[in-house]
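> Below is the sequence, then the predicted model.
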Amino acid sequence: MGAPRDLRQRLRLAVTRPKLSGMQIDAGSAAPDHPPYTRTESPVDRATAPRGPDMNELALVARAVAGEPAAVAEVIRLLQDPIYRLALRMVWRPADAEDATQEILLRVLGRLGSWRGEAKLLTWAYRIGVNYLLNLRRQTPQEQQQLSLDEYSRGLKDGLADADYRGPEAELLTQETRLNCSQAMLQCLAREERIAFVLSDIFELSSPEAAWIAGVTPAAYRKRLERAKKRLGNFLTTSCGLANPQAFCRCSRRVDKAVELGRIDPNRPAFATHPVTLGGRGVVAAERQMVRLHDAAAVLGAHPDYAAPQAKMDAIAGIIASGRFPLLD
């Protein structure tokens with residue numbers, strides 16, 4: 001299947017063939033939509049940058065920058081699912097996460113020649129992704145409404161059924177409600193706080209590494225993370241029966257209202273049936289971990305290991321393999 005014309009054009013602009021003598025790839029149209037949230041490297045960046053790419057990564061990127069198709073495809077394969085999961089946590093809906101993942105990967109490819117091993121390849125790609133996601137002009141519905149967690153909690157009480165949902169696909173739709181709700185509550189945080197929580201409490205990155213990815217000092221990062229954890233902790237304690245059995249809300253009692261409001265589609269669940277990374281955990285395994293850990297991070301982190309949609313990745317890989325990709329001229 002051929003790739004869309006606009007994607008071909010963006011890829012041609014996004015990457016030009018570099019020389020291994022130190023020339024950086026011109027990012028072309030992969031520039032941020034507006035002035036970037038993070039700026040050029042500072043002494044703080046150099047002091048806190050995580051170290052340690054292995055020799056295999058260095059060799060792989062050198063081959064990719066030299067124009068070897070298999071190496072470029074391998075770089076995409078290594079990065080696509082983690083970047084997609086990052087985007088999904090930030091933009092809520094899978095369709096929007098697909099678009100964001102494509103844009104981030106274009107930026108990563110466009111700047112691949114500038115990677116000097118200052119951090120692991122994925123960590124460096126996360127930094128590019130975070131900068132893009134923080135500056136994304138498109139807003140989620142919660143961002144558009146400037147919805148607070150207190151307001152979101154009040155909304156959950158509206159339409160809460162007296163009994164658990166027992167209709168068709170009850171287990172599946174209860175899972176979908178849980179996954180959708182935990183995604184939605186994250187959107188009630190400011191983007192800077194959201195990214196801090198995702199990197200540390202869901203992706204389980206160290207504070208110095210996460211701070212470097214976010215482009216801030218470790219002290220500033222810890223403050224953002226502390227605010228996010230406090231707000232989410234208060235919300236979950238008072239509202240979420242998964243985190244606190246005494247709280248009012250139960251996923252199984254929100255199914256009918258979620259369907260009525262169009263927040264979940266019983267015919268096409270967005271999260272509960274989403275493809276997962278090969279060998280990754282699915283919905284059931286994620287729920288078991290949540291029950292075992294039983295804390296705020298577990299509730300929000302108990303998602304499957306979502307895989308990036310293959311059609312989007314195939315479109316990029318197809319152009320790379322076609323011989324029309326400038327990097328491979």
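Here it is on my side, so go on. Just so we're clear, the structure is a prediction, and the values are computed from it rather than from any experiment. Residues are numbered from 1 along each chain as shown.
> Which residue is the nearest non-sequential neighbour of Val65?
Take Val65 and drop its neighbours on the chain: the residue closest to it by Cβ to Cβ, 6 or more residues apart in numbering is Gly113, 4.9 Å away. In this view, the C-beta of every residue, glycine as well, is placed from N, C-alpha and C.
> did I read that right, the one you found in a helix?
Yes. Secondary structure of Gly113 (DSSP: H, G, I helix; E, B strand; the rest coil): part of a helix.
> Could you list the alpha-carbon positions for whatever helix or strand Asn180 lives in in CSV?
Secondary structure assigned from DSSP states H and E places Asn180 in helix 170-186. Coordinates of the C-alpha atoms in helix 170-186 are reproduced here as CSV (Å, rounded to 0.1, in the frame of the first residue of the first chain):
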residue,chain,number,x,y,z
ALA,A,170,-19.8,-6.4,30.6
GLU,A,171,-16.2,-7.3,31.4
LEU,A,172,-14.9,-5.8,28.2
LEU,A,173,-16.8,-2.5,28.6
THR,A,174,-15.9,-2.2,32.3
GLN,A,175,-12.2,-2.5,31.3
GLU,A,176,-12.7,0.1,28.6
THR,A,177,-14.4,2.5,31.0
ARG,A,178,-11.5,2.1,33.4
LEU,A,179,-8.8,2.6,30.8
ASN,A,180,-10.6,5.6,29.2
CYS,A,181,-11.2,7.2,32.6
SER,A,182,-7.6,6.9,33.8
GLN,A,183,-6.5,8.5,30.5
ALA,A,184,-9.0,11.3,30.9
MET,A,185,-8.0,12.1,34.5
LEU,A,186,-4.4,12.6,33.3
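> Give me the helices and strands touching that helix, please.
Other elements packing on helix 170-186 under the criterion 3 or more Cβ pairs under 8 Å, 6 or more residues apart in numbering; DSSP states H and E are helix 69-91, helix 149-157, helix 255-260, helix 283-293, helix 296-301.
> what's whichever helix or strand comes after it packed up against?
Scanning forward in sequence from helix 170-186 by DSSP H and E, the next helix or strand is helix 191-197. Here helix 191-197 touches helix 69-91, helix 121-134, helix 207-214, helix 218-239, going by 3+ Cβ pairs under 8 Å, 6+ apart.
> and the ones you listed as TSV, adding mean pLDDT?
Output for those, formatted as TSV (pLDDT from 0 to 100):
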stretch	mean pLDDT
helix 69-91	93
helix 121-134	96
helix 207-214	96
helix 218-239	94
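> Need these in JSON lines (columns: distance to Arg154 and mean neighbour count).
Output for the helices and strands packed on helix 191-197, formatted as JSON lines (distance: least, Cβ to Cβ, whole Å; neighbours: other Cβ atoms under 10 Å):
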{"stretch": "helix 69-91", "distance to Arg154": "24", "mean neighbour count": "21"}
{"stretch": "helix 121-134", "distance to Arg154": "28", "mean neighbour count": "23"}
{"stretch": "helix 207-214", "distance to Arg154": "31", "mean neighbour count": "24"}
{"stretch": "helix 218-239", "distance to Arg154": "9", "mean neighbour count": "18"}
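> Which among these is found nearest to Gln183?
With Cβ to Cβ as the measure, helix 69-91 is the member of these nearest Gln183 (7.4 Å).
> ok and that closest one relative to helix 170-186, angle-wise?
Put simply, helix 69-91 runs at 80 degrees to helix 170-186, going by axes from the mean of the first three to the mean of the last three Cα atoms, to 10 degrees.
> For the very next helix or strand once past helix 69-91, which residues meet the burial criterion?
Proceeding N to C from helix 69-91, the next assigned helix or strand is helix 94-110, under DSSP H and E. Buried residues in helix 94-110, defined by neighbour count with 16 or more other Cβ atoms under 10 Å: 94, 96-110.
> what separates the residue lying closest to Arg178 once chain neighbours are set aside from Thr238, distance-wise?
Leaving out its chain neighbours, the residue that sits closest to Arg178 by Cβ to Cβ, 6+ apart is Cys251, at 4.3 Å. Cys251 sits 16 Å away from Thr238, going by Cβ to Cβ, to the nearest Å.
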